[in-house]
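Novice: Sharing a model that was predicted from the sequence below.
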Amino acid sequence: MSAAKVKMRGKKMRNQPVSVQYPSSSAQNGGDTPNPERTKNPHQRGGWVRGHQKDGGGYTKEMPKHITAGSFASARAAEVQAMLTAVTKTTGSCHVYGALPKHMRRRSMSHNTKRLPRRLRDVANRMREKSLQAGSKKKKEQPKSKSRKARRRHGNLLLEFNRRQRKNMWLETHIWHAKRFHMVKKWGYCLGDRPTYKCYRACYRAMSSHCLLQDLSYYCCIELQGEEDKLLACLSLLTSKETGPTFAAALSLSGRRQGSVVLYRAGQYPSQPLGPVTFLWRPLVPVVIPAGVVLTPEPESEKTPEAQQVTGTKRKHSGKDASVPPAKKILGDGTRSPTTAVTWKSSSTGIVINDLTLELVRYRLIGPQSHSVLAETLEAATDCHEIDKSQSSPLWWPEHCKDENKMNLHQQQADVYHILKGIYSTGELPPGTVLGLTVDDPRVTLPTKKVKALPCVKQAQEVDEEKRKELMLQGVPEHCCQSYLWEQSVRDNVTDNKISEQQLNRMKSEVLVPGSRLSPIPLQGRVPILLVHQPGKQVGHEMSSWGAGWDLLLPKGWGMAFWVPLVYRGVRIGGLNMTLKHSQNKGVSHFPHDYPDCPAGVRFQEEQESELLDKFKRRPPAKRTNYIKHGCLAPFRCPWQQLAEEWELITREAESQTTTEADTVMEEKMTSRRDITVTKPQSHVTVLRNRKSLRLLSGWCKPTTSKGQRRCRVGEVPPLDRSAATSFLATHVMSLVWVRLSLLSKGKPEFHAMVCVPTAEDLQLLKKGSSSTGPQEPPHKDHFKSRIKRKKKGNKKTSTPALLPKTDSNESDLPSTSEPNPTTSKDPKSSSQSTSDLIFGLWPDPLPSVTSHCSRVTLGWVTQGDFSLSAGCGEALGFVSVAGLLNTFVNQPMEHRGTLLLRNPTSLHYRFAKINIEV
């Protein structure tokens, strides 16, 4: 009998009465006594047998001579009870039709009970009534959904949108992006990741020659208010002068420049970083007001316990409002009351912290013609009429026009904005320049069709050449950096009195000449903005100022009013993916991808590992890449801590040996550590951000241009030898350094690619030419493949896991002495657990030595890699160990210093690459 038939038979017989058997002593009391002759036959199958038996069913036919009434009654009662149970319980489904034989069943019986036999009609009617009652109850609990026409009405649509924003907030441009982008849920927001159409090269051309637009309103914005001395004293604990300009930089403190720093926990530099931050000081005005600074941390930056107390709880609904979504359109952070901001005030210093997240709209324009797009889209606000000035108005602009000093400042800001139109490229301005301005509603000047904004030659000729040179050299004057966007009362007034699209279209329809400009502009159409210049590429020796642009800051509620006019000027729209490519082409680290020592970077690496592992498991085993054979220990993550610890141990052991035996000792130590497993301790690896140390390392690696075509000029640096390397590593032995790698030949680096040290034989290949192919990694042996196969076979044979670890002691399945064996353990429980956690093609935890696992010593890994359209070759960005890098430089000849090997996780081919440390 096949397995399917046995299973079907077992299902039918599960509720049938079992044979009630008693011991031999109860045979005289009415129990059944098995026939001994039947049990003698070993080939006879026991249990229930279908059909008539020749020997009378296997039981004796003789009548008992006497019986006991009590025992006989109990035996019969048990049989009767089993029979009643079998009769009352159906063998198949619970429907009454199961009581009929198969040849009498009809489909029409389900809706016409008269087709059933009379003995079953009552039961069928009761079951039908019961099902109808249950269906009516469900209909009352879940009312019928409205038609699409009703659901698309404005009120119902608004309620639905607000309901969908309970868990993940929407930006003001969400609906625009949702129609054109692949959306992802990140950091509590719904953000556009990449467009649904192919535009990678088009976006690169826009960043290189025209303009790319992005919505960065998801950035956290925190405002600090207090006395300047106290603010600087508190903020100085979070930064260090060794990493570059801090909050106390002169240009940034005056409010003329935007600064950027990396924050650390108070007094913990260079360990325990929190993340990068851009900051902007409020310019000083004649009126005595407390100083203020706006911090813009990246969206995933980690909050310290102190910062959590500062900002309080946000995006948490109260119990009353959790069930009913608001009927009004959500502007800003809808999870808190619009009248109460999240604030905290220090009792000791008096510093006030305001959380302005989603209270400001932030757009970023990237490209050399970003200023041309702004010049055509935005126009300086026009003055009010004398009639409007004489009357009192609830709007902020008429009251502002009554003050001559304020209007003089506005005219000076408009003149500086007019000079911007005569600049050829955005990169010509000083980095971080700030300009405050008040503009008219851009919807008034919206063109009828899309046009590409280009620099105007006539406007460039009208601008005074001396003023333009002064603006390019010195930037915007300090008094022109002021903006009424700093004042909360003005922001609220502008947001509450915004003209709706319906009212604005009605006013345009009443114009005598269709398509002409609306005049006069309504008083509600004056918006204070802040223009912040974003510097382009500032490191390296190529493509200086590439990727420069402007950040446009607006009050909330005006997002789409400025977004659509900017789109109509021919800009390209980018998402999160293009933000990463922009950072890659600029050669700067991207948060949180390239911050492995930050809590947010560690969390991002864990999330990325789980996503890549899930994607890897979804593929069939035959279609997966066997990373064990490729010699890749961690294809989905980068074990930075283990890498730094291993190089620290190698460096300490090498210091105790003589200089002549240093190379031999390194190879011996690497071989002896193959069987050592490294556990996962507390992370204390750091990224080197000391500017002085980075310049020294950059000079030692002999920086060159892309593809190593020519050397770059660097200042004088001390020669590199053993003593210099030892003194440098005294303070940076557990550090990683951010590097840029350019492939010398063809190839496209991928993320998590390995950066390795070439041998002397590998460097000989470079003499044949720069286009020579690199060496090959010999294929590794997969020692876990046989264990996985035995595990599958064991699961098929039996469901008990006791047979799985039985074959782990076989010597033929253990790795050889030349390969690491991380699963060897004296504890049988650990070995069985490791066998059950095995995944085909991946190394299990804990990992063996990451530095000596392959034939070439590993220095680090790549975090960003792709073919660079700007350099015309494959470029990679990543981290390498400082100790390993210096050890490599000391052992390499001068003509090949800085030449390393790069290998993708899915390949066995090494590629030659030139390393550059750009400061």
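Specialist: Thanks, I have it.

Novice: avg pLDDT for the longest helix seen in the chain?
Specialist: Taking DSSP state H as the criterion, the chain has its longest helix at helix 118-141. In this model, helix 118-141 has a mean pLDDT of 76.

Novice: again, but for stretch 696-708
Specialist: Mean per-residue pLDDT for stretch 696-708: 76.

Novice: quick revisit: what's the offset of the longest helix of the chain from the middle of its chain?
Specialist: Its chain's C-alpha centre and that of helix 118-141 lie 51 Å apart, by CA atoms, centre = their mean, to the nearest Å.

Novice: Distance from the helix or strand following that helix to the middle of the chain?
Specialist: Going down the chain from helix 118-141, the next helix or strand is helix 148-151, by DSSP states H and E. Centroid separation between helix 148-151 and its chain, computed with CA atoms, centre = their mean, is 35 Å.

Novice: Run through who's touching helix 148-151.
Specialist: Applying CB atoms under 8 Å, 6 or more residues apart in numbering, the set of residues contacting helix 148-151 from outside is 145, 156-157, 160. For glycine as for every other residue, the C-beta is placed from the backbone atoms N, C-alpha and C.

Novice: if we go to 7 Å?
Specialist: Residues outside helix 148-151 that contact it (CB atoms under 7 Å, 6 or more residues apart in numbering): 156-157.

Novice: Equivalent analysis for stretch 380-397, please.
Specialist: Identification of contacts with stretch 380-397 by CB under 7 Å, 6+ apart yields 398-399, 401-402, 407, 414, 417, 437-440, 490, 493-494, 497, 521, 523-524, 526.

Novice: which parts of that stretch are buried?
Specialist: The neighbour-count check on stretch 380-397 (16 or more other CB atoms under 10 Å) flags 380-382, 384, 388, 395-397 as buried.

Novice: With stretch 162-170 instead?
Specialist: For stretch 162-170, by 16+ other CB under 10 Å, it's 162, 165, 168-170.

Novice: right, and the secondary structure at residue 183 would be what?
Specialist: strand (DSSP: H, G, I helix; E, B strand; the rest coil).

Novice: helix, strand or coil for the nearest residue to it once chain neighbours are set aside?
Specialist: Counting by CB to CB, 6 or more residues apart in numbering, the nearest residue to residue 183 once its immediate chain neighbours are dropped is residue 190, at 5.4 Å. Put simply, residue 190 is strand when judged by three-state DSSP.

Novice: what does the one 3 residues further on give?
Specialist: Using three-state DSSP, the structure places residue 193 in strand.

Novice: Next, count neighbours for the nearest residue to it once chain neighbours are set aside.
Specialist: Closest residue to residue 193 apart from its sequence neighbours, by CB to CB, 6+ apart: residue 184 at 4.5 Å. Using other CB atoms under 10 Å, residue 184 has 15 other residues around it.

Novice: which residues of the stretch 751-900 of the chain fall in helices?
Specialist: For the stretch 751-900 of the chain, the helices defined by DSSP state H, counting those that start in this stretch cover 760-765, 785-797, 828-836, 882-891.

Novice: most packed of those?
Specialist: Mean neighbour counts were compared across those using mean count of other CB atoms under 10 Å; the top stretch is helix 882-891, at a mean of 23.

Novice: Would you mind listing the outside residues contacting it?
Specialist: Under CB under 7 Å, 6+ apart, the answer for helix 882-891 is 647-648, 651, 663, 688, 700-701, 720, 722, 725, 728-729, 732-733, 735-737, 757, 859, 897.

Novice: Now the buried members of those.
Specialist: Counted by 16+ other CB under 10 Å, the contacts of helix 882-891 give 647-648, 651, 688, 700-701, 720, 725, 728-729, 732-733, 735-737, 757, 859, 897 as buried.

Novice: In strands, which of these fall?
Specialist: In strands, judged by DSSP state E, the following of those are found: 735-737, 859.

Novice: Out of these, the closest to residue 602 would be?
Specialist: Distance to residue 602, by CB to CB, is smallest for residue 736 among these, at 13.4 Å.

Novice: The closest one: what's it in contact with?
Specialist: Here residue 736 is in contact with 640, 644, 685, 687-688, 860, 879-882 (CB under 7 Å, 6+ apart).

Novice: possible to save the helices of the stretch 751-900 of the chain as a markdown table with distance to residue 105?
Specialist: Shown next, in a markdown table, are these (distance: least, CB to CB, whole Å):
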| stretch | distance to residue 105 |
| --- | --- |
| helix 760-765 | 78 |
| helix 785-797 | 38 |
| helix 828-836 | 47 |
| helix 882-891 | 77 |
